[in-house]
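*Asks:* any chance you could fold what I've pasted below:
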Amino acid sequence: MPKKIAVLIGSLRKDSLNRKFAQELIALAPASLAFDVVEIGDLALYNQDLDDEGAPPAPWTRFRDQLAQADGVLFVSPEYNRSMPATIKNAIDVGSRPWGKSIWNGKPAAIFTASPGGVGGFGANHSIRQSLVALNVAAMPAPEAYIGNAANLLGPDGRVNNEQTREVLAKFVAAFATWVEKNAPTA
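*Replies:* The predicted structure is shown next:
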């Protein structure tokens, strides 16, 4: 049975480069992984009072339920101001609460960042990793994926336009499949 992988995409743009790369990763993945893009744009900013009052917003509950069912997580994100976008940080925070009920604990993850700039989201990649360490998430250490000049690697159809990039993506997602198999929590 394939491992269920939640995909969190940090960009909310309808024409997001990262959403396009997420779709390419999904298309290149081995059959041992089944992906579900979990939307995070409707998550209200985390406010502990809502959990304390027993009235978390419906999108928080939906998100927590979806992530609780996942065997692993793939973060696909741009870089904003040398860090992760607020969408990703907020999703991490919503999933880590209420205290003692984190949906992250023990899940394997991979972080893929792409940017129109040359650095390829290095800062975002490491910011996400830093938060995941505190949540006992096993972030795949290698291969790392920082895709710079990302817009030039996609054709007009939104698909990867060259074999070298396709090979990099295929190796990354194959390594993630192995990582998930070795690190996914057992029932």
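*Asks:* contacts and neighbour counts: CA atoms only from here.
*Replies:* Noted.
*Asks:* tell me the secondary structure for the spatially most central residue of the chain?
*Replies:* By Cα atoms, centre = their mean, the mean C-alpha position of the chain lies nearest to Phe75, the distance being 1.3 Å. Taken by DSSP: H, G, I helix; E, B strand; the rest coil, the conformation at Phe75 corresponds to strand.
*Asks:* that one is in contact with Ile5, isn't it?
*Replies:* No: judged on Cα atoms under 8 Å, Phe75 makes no contact with Ile5 at a distance of 10.2 Å.
*Asks:* which residues sit against the longest helix anywhere in the chain?
*Replies:* Looking across the chain with DSSP state H, the single longest helix is helix 163-183. The contact list for helix 163-183 (Cα atoms under 8 Å, 6 or more residues apart in numbering) reads 3, 24-25, 28-30, 32-33, 71-72, 107-110, 138, 140, 143-145, 153, 160.
*Asks:* can you point out the buried residues in that helix?
*Replies:* In terms of neighbour count (16 or more other Cα atoms under 10 Å), helix 163-183 has its buried residues at 166, 169-177, 179-181, 183.
*Asks:* please tell me how far the residue in the chain sticking out farthest from the centre sits from Asn47.
*Replies:* Relative to the centre of the chain, the most outlying C-alpha is that of Glu53, 29.3 Å out, by Cα atoms, centre = their mean. Here Glu53 is placed at a distance of 11 Å from Asn47 (Cα to Cα, to the nearest Å).
*Asks:* all strands of this protein, in order?
*Replies:* With strands called from DSSP state E, the chain shows them at 3-9, 33-37, 72-77, 108-114, 138-139, 145-147.
*Asks:* the third one pairs with which strands, and in what direction?
*Replies:* Sheet pairing of strand 72-77 (DSSP bridges) gives strand 3-9 (parallel), strand 108-114 (parallel).
*Asks:* avg pLDDT for the longest helix of the chain?
*Replies:* Confidence over helix 163-183 (mean pLDDT, whole number) is 97.
*Asks:* starting at the chain centroid, how far to that helix?
*Replies:* Here the centre of helix 163-183 is set off from its chain's centre by 14 Å, with Cα atoms, centre = their mean, to the nearest Å.
*Asks:* again, but for stretch 162-176
*Replies:* With Cα atoms, centre = their mean, you get 16 Å for stretch 162-176.
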